[in-house]
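**Student:** Just need the structure, nothing else, for what follows:
(one chain, ligands or ions: 3)
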Amino acid sequence: MNLTALKTKPPARKLHIVTHGCQMNVYDSARMADVLAPLGYAQVDTPAGADMVIMNTCHIRERAADKVFSALGRLRVLKEEGGGNMLIAVTGCVAQAEGEVILKRAPYVDLVVGPQAYHRLPELIAQAHRSKNSVIDTDFPVEQKFDFLPDAAAPQGVIANLTIQEGCDKFCSFCVVPYTRGAESSRPAISVLAEARRMVALGTREIALLGQNVNAYHGAGPDGADWTLPRLLQALSEIPGLQRLRYTTSHPSDMTDGLIAAHRDNPALMPYLHLPVQSGSDKILAAMNRKHTADDFRRSIAKLREVRPDMAFTSDFIIGHPGETEADFQATMALVRETRFALAYSFNYSPRPGTPAAGLPQIPAEVKDARLYELQAELRRQQDEFNAATVGLTTPVLFTGTGRYPGQIAGRSLYAQPVVVESDTELTGEIRQVKITHANPNSLLGSLNLHPDKETIAA
Ligand code: SAH
Ligand code: SF4
Ligand code: F3S
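**Tutor:** Ligands and ions are numbered 1, 2, ... in the order given. This next block holds a predicted model:
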């Protein structure tokens, strides 16, 4: 028996992580699991019996933040049933925004840790064990968390995310992100490239670069100059084995000509872009402090379609921002009808504490609801049309593994649509031409095309 291993191996502990909110939280949850693995924490699927539960939270809308306290109430019961030994940590944007308030409302919470402090989790846990008091860390430290967080240790899957930029300096009237994630900061290109290479070595074939304003990326390059997003995308596309690149979320006013040209010149870049516009009314866009007009957005879309005719778009909309009249809403509807989105997310405006729009006179809930209903019906139509238009086409699919049922394999199209194929062939990590035979509301069915040079719509 290896006595050294016995002495140094930490005790096995169960860790359960609940993740709300955006892809960045999903990415952060995986990094927290990596930070805690050396302490003996291994992830489990349920909170019951866990030694530690992390709630990685979202503050973007009121309903998201409220969910946290009801979930915490349920965790309290589990903690008491387990004799009070379960460590409960609240992380993410509610932790950052609410801080002490969480401990007042839920004193059984042991740790409150903001998004910039995850690399300090091991010492914060030790502190919580030592003091028996709750520990808060919501500082925005001078050091960058990415310099201290370990890179992905485990395989991240065929399709994986990689955060390259965090925070936001744009201060849209409605948004909490600049307060919860802090100032915009880009991760150095060299560290992005190193992590991407490691991910590819572990089987990743498609990477989505994440940032709250990812197209404003300006990380230090290995040559000493600041690299823009198209420069970084170019370097990433040269990594052997990395087949597909995406980036999200972009701001319309950072959609530079260089980035638009990358959609023409970089074959790894998928013809699919999430470009949140929020509103089609210039008056509301100005009130939102978005710093662009509806026509600026139209021009970017037109230029992208010109360089990549098979380009498809997704977006976000906020309905009922203070000041929105029926005419403003109809301007949004006109923009939607004209643009034709593959998919879009839409929300009723939710006043967030501390943001400028929260203090303005509000639009009644029933007005917001009726407008949202009208918008969502149109967006649903467009999504169905987009999916239906793929039926009969032969298109490249990146296979990610088996499907839900035996005898099925599954993957993603160029437009990130889930595609299911009846086949037993092991194709995980590979791209094959698939003939699409049927479109469901949220997925496509197809069959492997054995003559890949025919009817192909894109490389
Ligand atoms: N950085 C991105 C958006 C990040 S937040 C951008 O600039 O567009 C994700 C989405 O949540 C936003 O696009 C917006 O549509 C929605 N959202 C943000 N704050 C909101 C609020 N107070 N009420 C309703 N929806 C909101
Ligand atoms: Fe929020 Fe605006 Fe920043 Fe997007 S750009 S994260 S909506 S403040
Ligand atoms: Fe939510 Fe924070 Fe993401 S508020 S949307 S988890 S950046």
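**Student:** Could you tell me which residues of the stretch 251-400 of the chain lie near ligand 2?
**Tutor:** Residues of the stretch 251-400 of the chain found near ligand 2 (Cβ under 6 Å from any ligand atom) are His251. From N, CA and C alone the C-beta is placed, and that goes for glycine too.
**Student:** Would you state the helices of the stretch 251-400 of the chain in chain order?
**Tutor:** 257-265, 282-287, 294-307, 326-339, 365-388 (DSSP state H, counting those that start in this stretch).
**Student:** ok and the third one relative to helix 326-339, angle-wise?
**Tutor:** Relative orientation of helix 294-307 versus helix 326-339 (axes from the mean of the first three to the mean of the last three Cα atoms, to 10 degrees): 0 degrees.
**Student:** Helix 294-307: which residues count as buried?
**Tutor:** Buried residues in helix 294-307, counting neighbours by 16 or more other Cβ atoms under 10 Å, are found at 294, 296-298, 300-301, 303-305.
**Student:** ok, those residues vs Ala65, which is closest?
**Tutor:** Phe297 (29.1 Å; Cβ to Cβ).
**Student:** List the contacts of that closest one.
**Tutor:** 252, 275, 277, 335 (Cβ atoms under 8 Å, 6 or more residues apart in numbering).
**Student:** thinking again about what came up before, what's the most buried one of the helices of the stretch 251-400 of the chain?
**Tutor:** helix 282-287 (a mean of 19; mean count of other Cβ atoms under 10 Å).
**Student:** does ligand 1 sit close to it?
**Tutor:** No. Helix 282-287 is not in contact with ligand 1 by Cβ under 6 Å from any ligand atom; minimum separation 11.6 Å.
**Student:** other SSEs contacting that helix?
**Tutor:** If you count contacts as 3 or more Cβ pairs under 8 Å, 6 or more residues apart in numbering; DSSP states H and E, helix 282-287 packs onto helix 326-339.
**Student:** Can you list the neighbours in contact with the helix it packs on?
**Tutor:** Under Cβ under 8 Å, 6+ apart, the answer for helix 326-339 is 277, 279-284, 294, 297-298, 301, 313, 315, 317, 319, 344, 371, 374-375, 378-379, 382.
**Student:** Kindly list the main-chain dihedrals of Pro155?
**Tutor:** phi -60, psi 140 (degrees, to the nearest 10).
**Student:** Kindly reformat the buried residues of helix 294-307 as CSV containing pLDDT.
**Tutor:** Below are these laid out as CSV (pLDDT from 0 to 100):
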residue, pLDDT
Ala294, 98
Asp296, 98
Phe297, 98
Arg298, 98
Ser300, 98
Ile301, 98
Lys303, 98
Leu304, 98
Arg305, 98
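**Student:** In terms of distance to His20, which of those ranks first?
**Tutor:** Phe297 (28.7 Å).
**Student:** What residue spans form the domains of the chain?
**Tutor:** 3-137, 394-454 (automatic domain parsing).
**Student:** Just tell me which of those domains ends up closest to ligand 3.
**Tutor:** domain 3-137 (2.8 Å; Cβ to the nearest ligand atom).
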